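Q: A structural model of the following input is requested.
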Amino acid sequence: MHGRFMRRAIALAVLALGLMLTGFAGAAPGDFVAQVTFSQDCGSGLGVGVAYDGAGHLWVSCYASNPDLLRASASTGTVDQTYNIENGLGALAYDSTRNALWAGPGCGNDPSSIQLIQLDATRSVTGSAAAFVPAGFGDCLDDGIAYDATNDSIYYSPDGSTTIGHFKTDGTSLGSFGWTGSGCYNSGLAIGGTLLFQGSDGCSHVWVVDKTTLAPAFDFNTSVAGDPNFRDEGLSCDTQTFGPKQVMWSKEAYSPNRAAAFEIPAGTCGVGGQPPAPPDCSKTSRLVGTDNLTRQTTDEDVSGSAEAFRAVAGTSGTANTVCIYVAPTNAATALVAGIYADNGTGHPGALLAQGTLIGSPTNGAFNGISVPSVALAAGTPYWITVLSPLGSGTFRFRDHCCGYQASPQSGPSENSKETNLAALPAAWTTGKVWPRDGLILGYGGS
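A: Below you'll find the model as predicted:
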């Protein structure tokens, strides 16, 4: 319903897990993207750690070896620097806050401590020191370590473990919990804002959960065709090397020294422990929708009620971003946006992709929302859809609403029949139809 009409108040509802999972509809998590074989093997023939440093490098560790730390090109695998830190290192995690690497033990000189390895501006090692011993975890080989920049903490899981420990960076324990997978053991770990990625030692699978509630988000297989011996060890987020695709690197433990990259939904992981960065709409190429409405006014939807706007794709391509202009008077504190296919009868049909804005909306500006990659075809109608999740306040935006109802029809919009939504439904059910309100000031692109 719209600005000059009173909207119905929405009753309280509970966010269901099934709705949360539709946030990744249309994604292809686990799609194989690339594999790199490093130009130098580990002396022991075994290495579990991998970390992307945001500057084009993958850092690779070696178990019980000298050297035990290699720096390589993320795109070619060429090793250009080697170091010996402890005669053996385990899992690795890049810390963008300190510009440093956290390294678990790898049965070297110090078989118990997590090391902090300092880098300089060129991403070269300048020194290292033992940081702390993770209490309660005694194995001399660590398979999994992740750094969380949002609270300066470490997640840790040694070889053959089904338990993940959580520590402050001074070693203070924050507790522990069982890993999510079934069969095998936990291996690699990676953190992406609110999500914790958990690899599996020998089962070729990654499970992803909410780091606070441990509620499942999604999971994916990491088998590599033509490489039947590939297995998950260390994990690391990389949002740059294969842009616009975002990937999770998974390290194979044994020679030949190699790692594989698997696609993950956009906006689910950041580099160096940072939360995922929101897309920059000024750099987003528009495929469907508009970034300029010559005749527009402010419209609104109460929380829990989605609204879909029909738009015809002007260009074929892959969209991974939805940009929505948020009105200066907006009151919503959260925003979900997505793209629906047309059902062939002039209404939205199946959900192709949706995503949630990182943080609160910025009023008076375009806000970029990452969505799973979806192929769009020129000349095909789609529906750009917005939602303030139930309880998040009234969302205000710009379209052809209200004052321009007498103008020629530029595109219909319609509200969802449901009025208690926390996420966009997988299949659309039409509520109130507004034949002259489109287009919305917003678009999908990459």
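Q: any idea what Ser61 is bridged to?
A: Leu69 (DSSP bridges).
Q: wait, what's in contact with it?
A: 47-50, 68-70, 89-92, 103, 106, 234 (C-beta atoms under 8 Å, 6 or more residues apart in numbering). All C-beta spots, glycine's among them, are computed from the backbone N, C-alpha and C.
Q: need the per-residue pLDDT for the residue positioned nearest the centre of the chain.
A: When C-alpha atoms, centre = their mean is applied to the chain, the residue found nearest the centroid is Thr268 (1.0 Å). pLDDT, Thr268: 88.
Q: measure it to Val371 for me?
A: 11 Å (C-beta to C-beta, to the nearest Å).
Q: strands of the stretch 301-446 of the chain, residue ranges please.
A: 307-312, 317-326, 336-342, 348-356, 365-376, 381-387, 395-399, 413-416, 430-434, 442-445 (DSSP state E, counting those that start in this stretch).
Q: closest to Leu293 out of those strands?
A: strand 395-399 (6.3 Å; C-beta to C-beta).
Q: which other helices and strands contact the closest one?
A: strand 297-301, strand 317-326, strand 381-387 (3 or more C-beta pairs under 8 Å, 6 or more residues apart in numbering; DSSP states H and E).
Q: ok, back up a step: adding mean pLDDT, mean neighbour count and distance to Lys168, write the strands of the stretch 301-446 of the chain out as TSV.
A: Formatted as TSV, the strands of the stretch 301-446 of the chain follow (pLDDT from 0 to 100; neighbours: other C-beta atoms under 10 Å; distance: least, C-beta to C-beta, whole Å):
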stretch	mean pLDDT	mean neighbour count	distance to Lys168
strand 307-312	96	24	44
strand 317-326	95	24	35
strand 336-342	97	25	33
strand 348-356	93	23	28
strand 365-376	91	22	30
strand 381-387	98	26	37
strand 395-399	96	24	38
strand 413-416	96	24	44
strand 430-434	95	16	49
strand 442-445	96	28	41
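Q: shaky segments in the stretch 1-150 of the chain?
A: Along the stretch 1-150 of the chain, segments meeting pLDDT under 70 span 1-28.
Q: can you give me the helices in it?
A: 17-21 (DSSP state H, counting those that start in this stretch).
Q: list the contacts of the closest residue in space to Phe242 that isn't next to it in sequence.
A: Distances taken as C-beta to C-beta, 6 or more residues apart in numbering put Val33 closest to Phe242, at 5.5 Å, once the chain neighbours are dropped. By C-beta under 8 Å, 6+ apart, the residues touching Val33 are 242, 245, 247, 261-263.
Q: next one: Ile117
A: 69, 85, 100-103, 125, 127-128.
Q: now the buried members of those.
A: For those, a burial check counting by 16 or more other C-beta atoms under 10 Å picks out 69, 85, 100-103, 125, 128.
Q: report the two of those separated the most.
A: Between any two of the buried ones among the contacts of Ile117 (C-beta to C-beta), the greatest distance is 13.3 Å, for Trp102 and Val125.
Q: which one of the helices and strands packed on strand 395-399 lies closest to Tyr185?
A: Closest among those, using C-beta to C-beta: strand 317-326, at 33.3 Å.
Q: the residue nearest to the centre of the chain and Ala378, how far apart?
A: Taken as C-beta to C-beta, the span from Thr268 to Ala378 is 28 Å.
Q: next one: Trp179
A: Taking C-beta to C-beta, one finds Trp179 at 45 Å from Ala378.
Q: same deal with Val125?
A: Taking C-beta to C-beta, one finds Val125 at 50 Å from Ala378.
Q: rewinding a little: which of the contacts of Ser61 lies closest to Leu119?
A: So of these, ranked by how close each gets to Leu119 (C-beta to C-beta), first place is Leu69, at 11.0 Å.
Q: which ones are touching that closest one?
A: Contacts of Leu69 (C-beta under 8 Å, 6+ apart): 59-62, 82-85, 89, 101, 103, 117, 125.
Q: the same query, at a cut-off of 10 Å, please.
A: Going by C-beta atoms under 10 Å, 6 or more residues apart in numbering, Leu69 touches 47, 49, 59-62, 81-86, 89, 92, 101, 103, 106, 115, 117, 125, 128.
Q: can you give me the buried ones in stretch 223-236?
A: 223-224, 230-236.
Q: am I right that Ala93 is in contact with Ser153?
A: No - contact criterion C-beta atoms under 10 Å: Ala93 and Ser153 do not qualify, at 11.2 Å.
Q: give me the subset of the buried ones among the contacts of Ile117 lying in strands.
A: Among the buried ones among the contacts of Ile117, DSSP state E puts 69, 100-103, 125, 128 in strands.
Q: now the residues you listed in TSV, with distance to Leu214?
A: Shown next, in TSV, are those (distance: C-beta to C-beta, whole Å):
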residue	distance to Leu214
Leu69	32
Ala100	28
Leu101	27
Trp102	22
Ala103	26
Val125	35
Ser128	33
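Q: between those residues, which is closest to Asn415?
A: Distances from Asn415 to these, taken by C-beta to C-beta, are shortest for Trp102, at 48.3 Å.
Q: now that closest one: how far from Tyr94?
A: From Trp102 to Tyr94 the distance is 8 Å (C-beta to C-beta).
Q: run the chain-centre distance for stretch 202-217.
A: Computed by C-alpha atoms, centre = their mean, to the nearest Å, the separation of stretch 202-217 from the middle of its chain amounts to 13 Å.
Q: any buried residues in it, and which?
A: So for stretch 202-217, counting by 16+ other C-beta under 10 Å, buried means 203-209, 211, 217.
Q: for the closest residue to Ile114 other than its chain neighbours, give me its contacts.
A: Distances taken as C-beta to C-beta, 6+ apart place Ala131 nearest to Ile114, at 5.0 Å, with adjacent residues excluded. By C-beta under 10 Å, 6+ apart, Ala131 lies in contact with 100, 102-103, 113-117, 154, 167, 169-171.
Q: do that again at 8 Å, thanks
A: 102, 113-116, 169, 171.
Q: for Asp41, same thing?
A: 255-257.
Q: turn those into TSV, including pLDDT.
A: Below are the contacts of Asp41 laid out as TSV (pLDDT from 0 to 100):
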residue	pLDDT
Ser255	96
Pro256	96
Asn257	97
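Q: in the stretch 101-250 of the chain, which spans are strands?
A: Going by DSSP E, counting those that start in this stretch, the stretch 101-250 of the chain shows strands at 114-119, 125-132, 142-148, 153-158, 163-168, 173-178, 186-192, 195-200, 205-210, 216-221, 235-238, 246-251.
Q: test my guess that Gln115 contacts Val125.
A: No - counting by C-beta atoms under 8 Å, Gln115 does not reach Val125; the two are 11.1 Å apart.
Q: joint contacts of those two?
A: Contacts common to Gln115 and Val125, judged by C-beta under 8 Å, 6+ apart, are Ile85.
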